[in-house]
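*Asks:* Starting from these lines, generate the structure:
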Amino acid sequence: MFRSVSDDVICLEELSRGDKIETVVNVYESADLVRGQDPNTGTEDANTRGISQTQQTESHTKGSRFYRLTAVCLGLLCVLLLTAIALLWIKTYQLQTNYTSLTMERDKLQTIYITLTTERDKLQSSYTILTTERDQLQTNYINLTTERDLLLTSYTNLTIERDLLLTSYTNLTIERDQLYTSHTNLTLEKDRLPTERNKLQGKLSEIEKANQKGWLYFNSSIYYISTEKKNWRESREDCRRRGANLVIINSRKEQDFIEVLRRGQWAWIGLTDSASEGVWKWVDGSALTIGFWKADEPNSRTGDEDCVITGYVSDPVKNWADYSCKDDFVWICEKRIFS
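*Replies:* As a prediction, this is how the structure comes out:
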């Protein structure tokens, strides 16, 4: 299109140049006519007119050619202008179509933008509401946590108080039970007192009678030392007939009392290893826990020394010795009065 327009401009320039040439030719011809107005030169004028007519004929021929060329150029120019107008209309239509499409797309985008803006506002509003609810929930959570801690503290304090009360209750229950037990025991003791008093009176009477028969009272028991001598088994049988048994010595005080009671005599006591050699037991079956043996006793010097006498040496404490149960010595009986 731009190339056609350029061709049209060149054609117009050529037409203008032709007009200028024709104008110059006419001017020169007019000047010659003015200079040639002399009466003596008529023939020259006729010749000149002939030449002028010839030149005018040529000029008219050139003018006709020029006009035809001008008409052709104008036609081409019109065709080019129509073509340019058609192209411009097509281009304008395309641009209008594109403009319409873009406008529709713009409107769609505007609608989408408005929709998205509305949704964004809704989301913003929802976010604000959710944020407010979250803050409220956070506040409620903090309040509930505080209340829970207070409740836990109260629960702990109540638990401690409950435990203290339970402990107090348990202690009071124990004390009550102890008081009941004490009351029961006191009641039983009160009920037993007459019986115990009667028993005690009976035992006192027994002690008095025993004293009259040669028995001596010491540390809840009465003791009797014989006036005759017998072997260990016969001595034990005599004690049993008297409701007693051979003496059992379980303390230093009792040993000292027996030392006074025997009055320097060798006397049988209720200790033997006849059941098992070397295993000394009292006549009630209890094991020997404290002994007052002479330094080298027991020794089974004669080979059959399964019974024990006290007072074997002058030492008032360590004076026990093992002897044959067949030997005859005085004996000491013991009868438990008070348990």
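
*Asks:* measure V313 to D322 for me?
*Replies:* Distance of V313 to D322, computed by C-beta to C-beta, to the nearest Å: 13 Å. (C-beta placed from N, C-alpha, C; glycine too.)

*Asks:* Between those two, which has more neighbouring residues?
*Replies:* The neighbour comparison of V313 against D322 (other C-beta atoms under 10 Å) goes to D322, with 24 against 13.

*Asks:* just checking, what packs against the strand or helix carrying that one?
*Replies:* Per DSSP states H and E, D322 falls inside strand 320-323. Packing contacts for strand 320-323, counted by 3 or more C-beta pairs under 8 Å, 6 or more residues apart in numbering; DSSP states H and E, involve strand 307-310.

*Asks:* For the strand it packs on, name the packing helices and strands.
*Replies:* Packed against strand 307-310 by the contact rule (3+ C-beta pairs under 8 Å, 6+ apart) you find helix 252-262, strand 267-272, strand 320-323.

*Asks:* 10 Å - rerun?
*Replies:* Applying 3 or more C-beta pairs under 10 Å, 6 or more residues apart in numbering; DSSP states H and E, we find strand 307-310 packed against helix 232-241, helix 252-262, strand 267-272, strand 320-323, strand 330-336.

*Asks:* Out of these, which is the most enclosed?
*Replies:* strand 267-272 (a mean of 25; mean count of other C-beta atoms under 10 Å).

*Asks:* Send me it as CSV with only the CA atoms.
*Replies:* Only the C-alpha atoms of strand 267-272 are listed here, as CSV (Å, rounded to 0.1, in the frame of the first residue of the first chain):
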residue,chain,number,x,y,z
ALA,A,267,22.9,-79.7,145.0
TRP,A,268,21.1,-81.1,141.9
ILE,A,269,19.6,-78.5,139.5
GLY,A,270,17.2,-79.2,136.6
LEU,A,271,19.8,-79.2,133.7
THR,A,272,20.8,-82.4,131.7
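
*Asks:* now the very next helix or strand once past that strand: mean pLDDT?
*Replies:* Scanning forward in sequence from strand 267-272 by DSSP H and E, the next helix or strand is strand 281-282. For strand 281-282, mean pLDDT rounds to 96.

*Asks:* Thanks a lot, see you next time.
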